[in-house]
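> can't give you the sequence, but here's the structure:
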């Protein structure tokens, strides 16, 4: 048995899914190389101000896991590194790694792709003015604003913040007919945070419906509406116009069938989630099957197995929340272990 | 050109959502104990409502109107006087929003504010009914009907039913009366039909 | 996943053409003859030869929107106009100076090119007189040409506009085209770039993306109570920003925004007194085209104030 444990597993991407996969492998005694493009571990979690449905602090995520890495002594972390090439060999892949500009070659027995997502480019949504109006943000940009506010850098007057859901998602004309799955939840989280920071401020959420299918998710959204008094307005905003330094939103309240106008200080667009650049590169490099939008597609009736010795974890397969990324990371690690055991 | 004084404004009447306030929903919460923010906007209330075919605003819309603070339309709407308080809406509501209670409250508020009922006969009937209880402690159907027909000027309405009901003992010419009337009267401060506290 | 909605003028037009076919506009010729002559003069100053054809008819937009005929008739009319360009002026690109002409020609030629049955039907109709539409001619709007030649225009300005506060009305029928536009459909800025090149101050007003209210003479056919508040809303927001001049790229928009202002004032809106001219006329003004050829006399709201601002007042 011990002999198999010498085979290396390559984890590509140091976000929630990649970290979890590396941790499970390392704790099981399997050597791992974790390749991360940026200069720190944590991925999107580093950008977040809070999390749903339990309002956990994302800053608390990475540290205990890094301790686990140190304890098991099996995980080699390569920051500012990328996978630059691969070749199929017997029982695995020969991969080329660009480690801070230094080329390195490794033989690996399994590969876990955890390259994550990115938000769609919003320049096609001229009606919302992202890029033209200073206070129109996409949801990740707004997380940074929230962090600033939480750190005490607050605007003087309690702001009015309007959240638009389904910007891109469920929009055939923009090429994203799918539901991005997590926006309902993080929008509720952000709108609730605004009300926490500014009890006298206002949060509006413009929605078509809210999809809260998950443990405690529905309760989370309801608590944001009922306890934090975030105003949900049903209707997709049609346009944003500048008005005396503020932003005027026009839309229909489809429940009452009346046109409504709201003036806001900040607008947050829950942009559609699409596979990241790295996902596309890795899919091409390893010859992985992708769906029409570029998300990596697992084999039939497989959760994370993409092909022999290649597994996916996290949002490179489809938009998942942190919990889903952790589940997939653990699942991918378990499957990698299984495959390394079958070697020879 | 000041935008607020331009004649254009009288033509474009988008609902200014940020100018609406939540005082009405707060009022409903305090007086009726009904939290309309719990509304899921599903419309089950309207689907189940007995009278939605004659309502100008369905129960779901009434809850929405409270949410946007549209008090004026709420107090003038026809639904206020068509609602028969069958409680099917609250029975079916997944959030347990007591719409009949809200209707009662709004009706009381409309009367207090002296807003005329869209269905005067309904208001008349309510008043006569209360008046009888006030005077006798119990309701006597014969006098209620006679009084109602007289005052609503429908003198012969259901007249053919009267003798039949009388001979079957359904209409008692001697009105029922409660013994301790002073206690009953003290419950009514001020008298029904007068402006002021209706209850 | 979709083809990009916004492209550069170089991608769209390629290099500067030597000679172009100018597609006349019925509304333009009828209401503001100065527009057509101004555009011809501007293109002449830019070294582009302009040809036109007396046989060219209405773009068929009116045939469609006035609900008088079947869509098939419109297709035949479009096919005929385009075949005239193809057959008589082979190799030339067609330039419209009306958003309506541009929109309908683009849309109907797209339908013809993508539905062989319609193409056959239209060609059978126009074949009686020897025309045949092959679907080769490229259709552009003349504002795209201005933007392509922005640097050249900037270099040729002889009457800088002195910081005149100019606002743009782009017009729905250009911006609502789905693909291959020069700019964003909701927050376009390329007219503003042109204004700056001419020495004017571009002004953004709240309702700049709002429709002009023309829509084939509905300003005349509908009740005033329908049309006027619509226009009032747009002009109110322009006036709030201190706009001195509005430009259009569509004679229809020009009619709606210019002609109706006195009626609006009579009904208590405004008064606005903001002159409305074509973008080509504004460029002509800056490039030193003779005032007679710009034809400002046709405007309901006189341009005296504007001309004074740039040193061309009556006293000068």
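Arrived safely, thanks for sending. What you see is a predicted model, and the numbers here were worked out from it, not measured in a lab. Residues are numbered from 1 along each chain as shown, chains lettered A, B, ... in the order given.

> quick one, what contacts residue A:77?
A:14, A:34, A:36, A:41, A:69 (C-beta atoms under 8 Å, 6 or more residues apart in numbering or on different chains). For every residue, glycine as well, the C-beta is placed using N, CA and C.

> let me redo that: residue C:209
Residue C:209 touches A:239, C:170, C:175, C:186-187, counting by C-beta under 8 Å, 6+ apart.

> Mind checking which of those residues land in helices?
residue C:175 (DSSP state H).

> wait, which of the contacts of residue C:209 is closest to chain B?
residue A:239 (12.1 Å; C-beta to the nearest C-beta).

> Pretty sure the closest one sits against residue C:187.
No: taking contacts as C-beta atoms under 8 Å, residue A:239 lies outside contact range of residue C:187: 9.9 Å.

> Neighbour count: these two, which is higher?
Neighbours were counted for residue A:239 and for residue C:187 using other C-beta atoms under 10 Å in any protein chain shown; residue C:187 has more, 24 against 16.

> Could you give the backbone dihedrals for the more buried one?
Dihedral pair for residue C:187: phi -130, psi 60, per degrees, to the nearest 10.

> was I right about it contacting residue A:128?
No: between residue C:187 and residue A:128 there is no contact, the gap being 9.4 Å when judged by C-beta under 8 Å.

> What is the neighbour count of residue A:307?
That count, for residue A:307 with other C-beta under 10 Å as the rule, works out to 14.

> Identify the residues contacting it.
A:286-289, A:299.

> name the helices or strands packed onto the helix ranked longest in chain B?
Identified as the longest helix of chain B according to DSSP H is helix B:120-136. Judged by 3 or more C-beta pairs under 8 Å, 6 or more residues apart in numbering or on different chains; DSSP states H and E, helix B:120-136 is in contact with helix B:141-151, helix B:181-187.

> The last one packs against which elements?
Using 3+ C-beta pairs under 8 Å, 6+ apart as the contact criterion, the secondary-structure elements in contact with helix B:181-187 are helix B:120-136.

> got the angle for the helix it packs on vs helix B:141-151?
Angle between the axes of helix B:120-136 and helix B:141-151 is 140 degrees (criterion: axes from the mean of the first three to the mean of the last three C-alpha atoms, to 10 degrees).

> Distance from the chain centre to helix B:120-136, please.
Taking the mean of its C-alpha atoms, helix B:120-136 sits 13 Å from the chain's own mean (C-alpha atoms, centre = their mean, to the nearest Å).

> in whichever helix or strand residue A:95 is part of, what counts as buried?
Using DSSP states H and E, the element containing residue A:95 is strand A:92-99. For strand A:92-99, the neighbour count (16 or more other C-beta atoms under 10 Å in any protein chain shown) marks A:92-93, A:95, A:97-99 as buried.

> following that strand, which helix or strand shows up next?
strand A:102-113.

> Quick one: residues contacting the residue lying farthest from the centre of chain C.
Here chain C reaches farthest from its C-alpha mean at residue C:128, the gap being 32.3 Å by C-alpha atoms, centre = their mean. By C-beta under 8 Å, 6+ apart, no residues touch residue C:128.

> Show the pLDDT at it.
Residue C:128 carries a pLDDT value of 93.

> Tell me where the stretch 151-300 of chain A has strands.
A:160-167, A:202-207, A:231-234, A:239-243, A:246-253, A:258-264, A:266-271, A:273-275 (DSSP state E, counting those that start in this stretch).

> one step back: are any of the contacts of residue A:77 buried, and which?
Neighbour-count burial (16+ other C-beta under 10 Å) is assigned, among these, to A:14, A:34, A:36, A:41, A:69.

> ok, back up a step: format the helices and strands packed on helix B:120-136 as TSV; extra columns: distance to residue A:155, mean pLDDT and mean neighbour count.
Formatted as TSV, the helices and strands packed on helix B:120-136 follow (distance: least, C-beta to C-beta, whole Å; pLDDT from 0 to 100; neighbours: other C-beta atoms under 10 Å in any protein chain shown):
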stretch	distance to residue A:155	mean pLDDT	mean neighbour count
helix B:141-151	62	82	16
helix B:181-187	55	80	11
